[in-house]
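# Model the following, please.
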Amino acid sequence: MAKQTVAADQAAAIGPYSLGVWAGDLLFVSGQTPIDPATGTVAATTVVDQAHQSIKNVAAILAAAGLTLDHVVKATLFIKDMNDFAAINEVYASHFREPYPARSCVEVARLPRDVLVEIEVVASRV
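Numbers count the residues shown, from 1 in each chain. I've put the predicted structure just below:
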């Protein structure tokens, strides 16, 4: 199976990786941090604003592939501080709707550019 990649003008990779890779009917979206694609800088300082920007970046990649957040079947959230779990849940719930994707959320020691949240997803076109 040949890999097909997805690029998006409204999201940016900050390393040597593809923003999205199709594998059959599944799209694997690389972890998105709250980087403003227009400036290449961290878009916000609060975990709430960073979570919104990270999801916005995920949505841009999905849109470039002809999908929406409704196509997400699995999400993984990496957060700097588990004390932010409730706030991130509120942001997450404002972007995703039932039936919610399967999800994992883990606290990590450090994220690229010292951001507070990173989100990766797997979406299905069927």
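
# hey, where'd the strands end up in the protein?
4-6, 20-23, 26-32, 35-36, 41-42, 72-79, 102-107, 117-124 (DSSP state E).

# what's the most buried one of those strands?
Stretch with highest mean neighbour count among the strands of the chain: strand 117-124 (a mean of 23; mean count of other Cβ atoms under 10 Å). Backbone N, C-alpha and C define where each C-beta goes, glycine included.

# what helices or strands is that one leaning on?
Packing partners of strand 117-124 (3 or more Cβ pairs under 8 Å, 6 or more residues apart in numbering; DSSP states H and E): strand 26-32, helix 47-64, strand 72-79.

# tell me which strands and helices the last one is in contact with?
Taking 3+ Cβ pairs under 8 Å, 6+ apart as the contact definition, the neighbouring helices and strands of strand 72-79 are strand 26-32, helix 47-64, helix 85-95, strand 102-107, strand 117-124.

# Please dump those into JSON lines; it should also carry distance to residue 72 and mean pLDDT for every row.
Shown next, in JSON lines, are the helices and strands packed on strand 72-79 (distance: least, Cβ to Cβ, whole Å; pLDDT from 0 to 100):
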{"stretch": "strand 26-32", "distance to residue 72": "8", "mean pLDDT": "97"}
{"stretch": "helix 47-64", "distance to residue 72": "7", "mean pLDDT": "97"}
{"stretch": "helix 85-95", "distance to residue 72": "10", "mean pLDDT": "98"}
{"stretch": "strand 102-107", "distance to residue 72": "9", "mean pLDDT": "98"}
{"stretch": "strand 117-124", "distance to residue 72": "5", "mean pLDDT": "98"}
